[in-house]
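**Q** sequence and predicted structure, then a few things I'm wondering about:
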Amino acid sequence: MALGQEDFGLYGLIAGLSAFVAFFNNLLSSAIGRFYSVAIGAAQKNPEEGLNLCREWFSTAVVIHTVVPTVLVLIGYPIGLWAIRGYLVISPGRIDVCVWVWRFVCASCFVSMVNVPFNAMYIARQEIAELTIYGVASTTCSFIFILYMVNHPTDWLLGYAGGMCLITAAPQFLICMRALRIFPECKFLVAAAFQTRRIRELLSFASWQFIGMSGSLLKWQGISVLVNKYFGVRVNAAMDIGHRISSNCMSLASSIQGAFTPAIMNAYGAGLYKRAEYLAYGACKFGTLCILIFALPLILESEEVLHLWLVTPPEHTKMLAICILVDMIVDRTSTGHMILVNAKGKIAMYQAFLGGAILMTFPLAWFLVELGFGVLSIGAAMIITKMICSFGRVWLARSLVGMSVRLWLSKVFAPLLMISFASILGGIFFKYMFIASLSRIFGTTIIVDFVVLSGAWLFVLDESERAFLSMKLLTIISRQKRVN
């Protein structure tokens, strides 16, 4: 509403050019987080040795995360300028503004990447609550800023880019200062910082992850350019809206994965392999359930939600949003396998397959577009390749870490598929009994989530997981009674 469809699509397109920096950010963050977590797990056997090992990895990470983002920005900044001025479809009157948007995006990415060693330590130490507070504060500031934009209409593209840069960067400085103060592992050791053995080990692990993650980078960047060339910036805006919807649905599932990842790696580092495998299956189940709670009602009521949110959403937004949500649900069903394989560290064949499978999204979408299937080609290509990727993860984890395909099918995939179909049928039945309204959205959400949660309790969770959740629920109720 504040930017308009054209500028909204432009911002999504320009911000997408920074995906290569965000890509390396996630790549190195995942790699250093793995070594942190395994070292913390090893500290359960020998606390002093584990602490020194973690400090050495922290020192190495600080060096890498100072040098790499500097190099990336120096290389990527002129490439982005060339794309804005000479390649992308942008009206001449908006090019100068888009250049400044690109500068703000680069600054935001640089700060985030330099801060990775401190963020990774929070996650490895499972101090998720404090990170959540920073996240809530950032979201609240974003909401207040955008509300101001809506109530003070003007040309907001440049101001929005600057505001988002500030809101993104400010919490990173707080996280850095706090980590240095509260974590004994965050101590820079000059002697350990430039150990070639550790740098080589970290970069070797990251390089194989690069092969897997580069498929995802090229997938989204390729699709973004493909959409821009064939369908224009309005469909870029539709894609960006779909990503925003999916990222909000992913927030709880990402928090769940953030809790499971260090726990799995700590268990593996301590030699508790059966415990690590059990937690990996739990990551698949709980991560998928957390997405289904939000995604299934949105899939059923996407048209009405988009109308209430955006009044007149760009064409194809509904279809693209649904496809991205389905892509995300399929991905979550096998994330536990990915975490456990990363914990072991032998990831060459695994990442080569994943990167190749995801990379096929762009050529497949291009091929379908050329055949005349239109924007639907984008969604179909995403879902097909993600299904190949997810089943490939499960199959490869069988040989690499011994996770059973049959157990995953019977305990994770089949029950989740069953309750998904049951909840969608219940939601469809309720939806077509009433006219479109906000009340119907709430009603559909209640029906769908009731079926998801009750089905999960009966068919997805095992006895120990139900007992654990029951104990936590009783603890919360007893605390509330004491407060009252």
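**A** Happy to help now that I have it.
**Q** so where do the helices sit in the stretch 251-400 of the chain?
**A** Taking DSSP state H, counting those that start in this stretch to define them, one finds helices in the stretch 251-400 of the chain at 273-300, 302-310, 317-332, 335-344, 348-359, 361-370, 376-401.
**Q** quick one, the fifth one and helix 335-344 angle?
**A** In this structure, helix 348-359 runs at an angle of 140 degrees to helix 335-344, with axes from the mean of the first three to the mean of the last three C-alpha atoms, to 10 degrees as the basis.
**Q** what pLDDT, on average, does helix 348-359 get?
**A** Per-region confidence: helix 348-359 scores 78 on mean pLDDT.
**Q** burial count for residue 85?
**A** The local packing of residue 85 (other C-beta atoms under 10 Å) involves 14 other residues. From N, CA and C alone the C-beta is placed, and that goes for glycine too.
**Q** please state the offset of the one helix or strand it maps to from the chain centre?
**A** Secondary-structure element containing residue 85, defined by DSSP states H and E: helix 47-86. For helix 47-86, the gap between its own C-alpha mean and the chain's C-alpha mean amounts to 20 Å (C-alpha atoms, centre = their mean, to the nearest Å).
**Q** what residues does the next helix or strand after it touch?
**A** The element immediately downstream of helix 47-86 (helix or strand, assigned by DSSP H and E) is helix 95-114. Helix 95-114 is touched from outside by 10-11, 14-15, 17-18, 21-22, 24-25, 28, 65-66, 68-70, 72-73, 76-77, 80-81, 84-85, 90, 155, 157-158, 161-162, 164-165, 168-169, 172-173, with contacts defined as C-beta atoms under 8 Å, 6 or more residues apart in numbering.
**Q** picking up where we left off before, other SSEs contacting the helix holding residue 85?
**A** With contacts taken as 3 or more C-beta pairs under 8 Å, 6 or more residues apart in numbering; DSSP states H and E, helix 47-86 sits against helix 19-42, helix 95-114, helix 116-124, helix 190-193, helix 196-230.
**Q** can you pull the buried residues of stretch 355-373?
**A** Of the residues in stretch 355-373, those scored as buried under the neighbour-count criterion (16 or more other C-beta atoms under 10 Å) are 355-362, 364-366, 368-369.
**Q** now do stretch 402-414
**A** Under the neighbour-count criterion of 16+ other C-beta under 10 Å, stretch 402-414 has 403, 408, 411-413 buried.
**Q** go on, stretch 462-473?
**A** Buried residues in stretch 462-473, counted by 16+ other C-beta under 10 Å: residue 465.
**Q** run through who's touching it.
**A** Counting by C-beta under 8 Å, 6+ apart, 282, 411, 457, 461 sit against stretch 462-473.
**Q** for this structure, give me the ranges with low pLDDT.
**A** Low-confidence segments of the chain (pLDDT under 70): 16-25, 42-47, 50, 88-89, 192-193, 208-209, 211-215, 217, 480-484.
**Q** no further queries at this time; thank you.
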